[in-house]
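[1] return a 3D structure for these sequence lines:
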Amino acid sequence: MASADAIERQTVCRRGFIGSLYDIRTDKLEGTNLFKKKLPEEFIDVSDNAHTSYELLFNNSQKETFDKMNIEASLKLSLMTGILDIAGSAKYLKETKTNSLTIRVTYVYKVKTKQEQLHISRDGLSDYCSVDALKNPNATHVVTGIIWGANVAATFEQEAENLEEVQKVEGSLSAVLKSLPISGEAKLDLQNTDKSKVEKLQISLSGDILIDECPQNIEGVMRVFKTVPSRIKTLNEGKGQQLVFVLHPLKKMAEIFKPDLKINTMIEEVSHLVVMRIEDIFEDISIGKRKFNDFFNEIKPWEHYISRDWRHAIRQKQAERIAAEVKTQRELSTLLQKIRGGQAEESEMERLLDDFDRKNPCSSMSIERLLREKQNVTLKIRLLKDFQPEKHLLKEITSIKYILSRLYDKNVYLLHVSEEWETKDGDNSFKQLRLFKSMIKNETIDSAFIVIDYDLHHSDLKNDEDKANKCCIYHAIHGKIKSKDYYQDSLKKLSRSQISSILKENSSLSEKDILQRHKDFLIEYPTGELTDDEFVGELQKLHKDGNSSHYCDYIFAAIDKDRSGTISFSELMSAVALTSIGNADNVEKRLSLIFQIIDSNEKNGINFQQLVKFIEVVTELVKGEAAVNTTNIKVIVKQMFEMFKKNVEDEQLSKEEFMKWHELCLKLFIDICSFSFLVSVAHKNDAFKPVGTSHEINIPTNATWKQNGVTIAGGHGQGDATNQPCTPHGLFVDDDQTVVIADYGNKETDSLIICDRGNQRVVRWPRRSGTTQGEILIDNIECYGLAMDEQRHLYVSDYRKHEVRRYQLGEKNDTLVAGGNDEGGGPNQLDEPGYLFVDRQQNVYVSDHWNRRVMKWPKGAKEGIVVAGDNDQRSAPTQLSFPNGIFVDTLGTLYVADSRSDRVMRWTQGAKDGTVIVGGNGRGEEANQLSNPDGLSFDRHGNLYVADCGNNRVQRFSIE
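    Numbering: from 1, shown residues only. Down below sits the predicted model:
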């Protein structure tokens, strides 16, 4: 058994004997032996040490490999710094990935067989010991034990096309290898896709046993591994090869054998922290090398298409990096040996390590800095990748005229590019490039597309009279240049192919119609292009009853075929083709175009939400936002999916399926769909009664109401059925006890003038006239509450500006009537005003949400009067926690829906405290409970109606 003073070192292909001298400062066998003659067999114990295992190496770095193979820290540094060379059968230890697209997995089959151990305390051993060997200054230890066996490695390697493939193949391969037993038949259970990838891998074998065959697949590798035990039996009397040396200090050996001999060999080891830092240095060098090689490999296929100067500079940097790596390894090696031998201090190593990141050309930081400096090369390669080298790129050029003459019978398009032009005018370069690539997609047999790169061909074109001075596209035919800026010219003059394309999409138009439209278009837009706002305006002209903004946002990217960020006339006509009724006869072409628009991500399928969204925006375009009935649209789209037995949650309709339902599609996209109408409040005699003003109601100040309410609307849970209001907010009760509800969650109401908060506007709708388009009265306002006085003045609260304004219908003038002095709790301030009420004297009552009060602003007043609530006493049961709906009767009694306290309160005129008239019994859904009550109103009999928002119902509390 090894002594407590013994240490182990893996042999790494080195061969020694019991008694071989070893220097741990250099991790090398010195070459001589401690013993003068061969030791008797009884001095050495040979024991069985049978053990089999495997290890998977991914070769990302030497550190990772050494750690997995349990190589000791000191030996690890010797291997990394090159003090000890890795060669021969252990080459798998130093193989690391040199770029990110290398797939490499090494399967190491590890077998241990025997262990030899010297009996150090055996009588008579000293007689064999050499004094000269003990005094050898080039040795520190002696081999006193050897572990035998064999390591055999199979490396699977391949170059991938992308990082995703690297991860997938390495993952599949490692899973397979982990699951395979060494003994028994190797059985593979791979998916077809995984199997095809694994079978393409190149396989190489290395290790301690000579393998005279190279397997072609995993099964072959496993068959070879099965023969390893039998092959070991033929090596060194069945022991195999040496795997581990057990080392004993020479100093200790001298104390045993020659006590009078003094050995003062200096042995120092670097600290654990420095070991880790050196490991990190080599890890960093490996990362930097991969990054540079990734960059270099990206360039390699295109090296004939980039500037010679650029190539030379990159190769020079590559040489500098390699030289720096060699120099760094040499410096670390020399200094490490000096420290171990006591000839240098560890602080010298620390200084060398400190300077690495900032100064060393092979550090990953330096490589990243270099790659940023060479970003122009990367960008150039990305540009070139969009083209076919043999077809679109030139390695050499004689003159532009020569190119044109060689392509005499073709329509020739020459894209002129350079780094300088892109830097000076990136927008123009971007547009020219996008157009050129889109034209290539529609390339015909009589056209040719060539890229002329002035970074590469600058010297060749220096004196060419036809050279360009900016990024542009030349168009030439019969050897003559017809346009030196085809992009700009094509915007102002339609080509034959453009006219043909527009006619195909717009079958109702003639060529004469198209040319006239284009002429009118250029008069209004001389540049021949539309911005996104101008695009909205053009479609709005065609759909005066609708709203084109959302539709334009939706289709912009799909219509902008050349990705220029603007819309040309041809692209505009594609957008027109989608919704023009005149194209109804060209069903198939139209539906195909629609599918292409919806499937903007080119996934060859459209899902439920995509189709619903498209119908919504087209409906809004043609008929206006009010016509959008999402519920009905979803029903129709669901029918389409059900017809093809598709799940609306996670499946798609193919183009063929979409086209098959052409009759329904045609109805959907021409007639759009059935619309939901918003209707108004009116009386039988058509007399107008403004909402938010007092009825002729005189409620006694001591009146009481039944505490159990009766549900008159809703109460069937949250939903969009006709008996399911969803979080109802405002309501009004007319003289016939007809209840009008603002059904907030379902975006439906029965009202004349609507506070359309989500769209920041106030809209008017005629009642039940069949009209599907509302009139916008006020735009760009964060409205919350509305009221109207008997003079038909409209009052609107703006909760973002903390103010209330009065508007005269039909006029644009408005007047500030409350707040408007920023948010706050002062008498001239409001904090997110909500509901409003206006009495006959035009006093305006405001539910001042976050001040927990209701304020009365007399006509023309600059400050308001608190008539209910007290922000300082808001927790008191007689005060308000969050006022919402309000109502004032003819006696001046104020009724308030106190939402967060789930109750309705009454304040008689001049009262400091309020009283609860209904609710206040905790939040709930019982008849005597409310949940976040919002709006309230009274009928002419004094019965109270409450929009019980949290319970999705309207409650009536009868007056007693």
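
[2] which strand runs longest in this protein?
    For the chain, the strand that runs over the most residues, judged by DSSP state E, is strand 141-159.

[3] buried sites along it?
    141-158 (16 or more other Cβ atoms under 10 Å). Just so you know, the C-beta spots here come from the backbone N, C-alpha and C atoms, and that holds for glycine as well.

[4] look up the pLDDT of the nearest residue to Ile209 once chain neighbours are set aside for me, please.
    For Ile209, the nearest residue in space outside its immediate sequence neighbours is Arg231; the separation is 5.0 Å by Cβ to Cβ, 6 or more residues apart in numbering. According to the model's per-residue confidence, Arg231 sits at a pLDDT of 92.

[5] just confirm Arg231 is within a helix.
    Yes: counting by DSSP: H, G, I helix; E, B strand; the rest coil, Arg231 is found in a helix.

[6] my guess is it contacts Gly207. True?
    No: in terms of Cβ atoms under 8 Å, Arg231 does not count as a neighbour of Gly207; the distance is 10.4 Å.

[7] show me what the biggest helix by length in the chain is packed against.
    In the chain, assigned by DSSP state H, the helix with the most residues is helix 308-340. Counting contacts by 3 or more Cβ pairs under 8 Å, 6 or more residues apart in numbering; DSSP states H and E, the secondary-structure elements packed against helix 308-340 are helix 73-81, helix 272-299, helix 346-354, helix 375-384.

[8] before we move on, the earlier item: gap between the residue nearest to Ile209 and Gly240?
    For Arg231, the distance to Gly240 equals 9 Å [Cβ to Cβ, to the nearest Å].

[9] who touches both of these two?
    Common contact partners of Arg231 and Gly240 (Cβ atoms under 8 Å, 6 or more residues apart in numbering): Ala150, Ile209.

[10] comparing these two, which residue is more hemmed in?
    Set side by side, Arg231 and Gly240 show more neighbours around Gly240, with 25 against 16, by other Cβ atoms under 10 Å.

[11] what separates the more buried one from Glu164, distance-wise?
    Using Cβ to Cβ, one obtains 41 Å as the distance from Gly240 to Glu164.

[12] please apply the same query to Thr106.
    Applying Cβ to Cβ, the value for Thr106 to Glu164 is 22 Å.

[13] got a pLDDT number for the closest residue to Gln842 other than its chain neighbours?
    Spatially, and ignoring its direct neighbours in sequence, Gln842 is nearest to Lys859 (4.4 Å; Cβ to Cβ, 6+ apart). What the model reports for Lys859 is a pLDDT of 89.

[14] after the helix-or-strand element of the chain with minimal mean pLDDT, heading C-terminal, what element do we hit next?
    Evaluated with mean pLDDT, DSSP states H and E, the helix-and-strand set of the chain has its lowest mean pLDDT in strand 748-749, which scores a mean of 44. The first helix or strand that comes after strand 748-749 along the chain, using DSSP states H and E, is strand 753-756.

[15] quick one: average pLDDT of that following strand?
    The average of the pLDDT scores along strand 753-756 is 72.

[16] chain center to it, what's the gap?
    Centroid separation between strand 753-756 and its chain, computed with Cα atoms, centre = their mean, to the nearest Å, is 38 Å.

[17] cool, stretch 236-247 as well?
    For stretch 236-247, the distance to the chain centre is 54 Å (Cα atoms, centre = their mean).

[18] buried stuff in that stretch?
    So for stretch 236-247, counting by 16+ other Cβ under 10 Å, buried means Lys239, Gly240, Gln241, Gln242, Leu243, Val244, Phe245, Val246, Leu247.

[19] among these, which lie within strands?
    Using DSSP E, Gln241, Gln242, Leu243, Val244, Phe245, Val246, Leu247 are the members of the buried residues of stretch 236-247 that sit in strands.

[20] in a markdown table, list the helices and strands packed on helix 308-340 along with mean pLDDT and distance to Asp848.
    Output for these, formatted as a markdown table (pLDDT from 0 to 100; distance: least, Cβ to Cβ, whole Å):
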| stretch | mean pLDDT | distance to Asp848 |
| --- | --- | --- |
| helix 73-81 | 90 | 73 |
| helix 272-299 | 92 | 62 |
| helix 346-354 | 90 | 65 |
| helix 375-384 | 90 | 57 |
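
[21] of those helices, which is nearest Thr227?
    Nearest of the helices and strands packed on helix 308-340 to Thr227, taken as Cβ to Cβ: helix 73-81 at 29.5 Å.

[22] so how many other residues sit close to the nearest residue to Ser405 once chain neighbours are set aside?
    Excluding the flanking residues, the one nearest Ser405 by Cβ to Cβ, 6+ apart is Gly479, at 5.1 Å. Here the number of neighbours of Gly479 (other Cβ under 10 Å) works out to 15.

[23] show me the contacts for Gly479.
    Residues counted as contacts of Gly479 (Cβ under 8 Å, 6+ apart) are Lys401, Leu404, Ser405, Tyr408.

[24] can you check Phe641 too?
    Shown here is Phe641, whose contacts under the criterion Cβ under 8 Å, 6+ apart are Phe608, Asn647, Val648, Glu651, Leu653.

[25] same question, Trp857
    For Trp857, counting by Cβ under 8 Å, 6+ apart, the contacting residues are Val804, Val817, Ala818, Asn843, Val844, Tyr845, Val846, Glu863, Gly864, Ile865.

[26] mind giving me the ChimeraX select for those, buried ones only?
    To isolate the buried members of the contacts of Trp857 in ChimeraX, using 16+ other Cβ under 10 Å:
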select :804,817,818,843,844,845,846,864
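
[27] export the contacts of Trp857 as CSV, with columns for pLDDT and secondary structure.
    CSV is the format used below for the contacts of Trp857 (pLDDT from 0 to 100; DSSP: H, G, I helix; E, B strand; the rest coil):
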residue, pLDDT, secondary structure
Val804, 92, strand
Val817, 90, strand
Ala818, 91, strand
Asn843, 92, coil
Val844, 93, strand
Tyr845, 94, strand
Val846, 94, strand
Glu863, 92, coil
Gly864, 92, coil
Ile865, 92, strand
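
[28] follow-up on the earlier one: dump the helices and strands packed on helix 308-340 into CSV; add distance to Asn547 as well.
    Compiled in CSV, these are given as follows (distance: least, Cβ to Cβ, whole Å):
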stretch, distance to Asn547
helix 73-81, 69
helix 272-299, 48
helix 346-354, 65
helix 375-384, 40
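
[29] switch these over to TSV; also include distance to His475 and mean neighbour count.
    What follows is those, written out as TSV (distance: least, Cβ to Cβ, whole Å; neighbours: other Cβ atoms under 10 Å):
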stretch	distance to His475	mean neighbour count
helix 73-81	60	22
helix 272-299	32	18
helix 346-354	61	14
helix 375-384	20	16
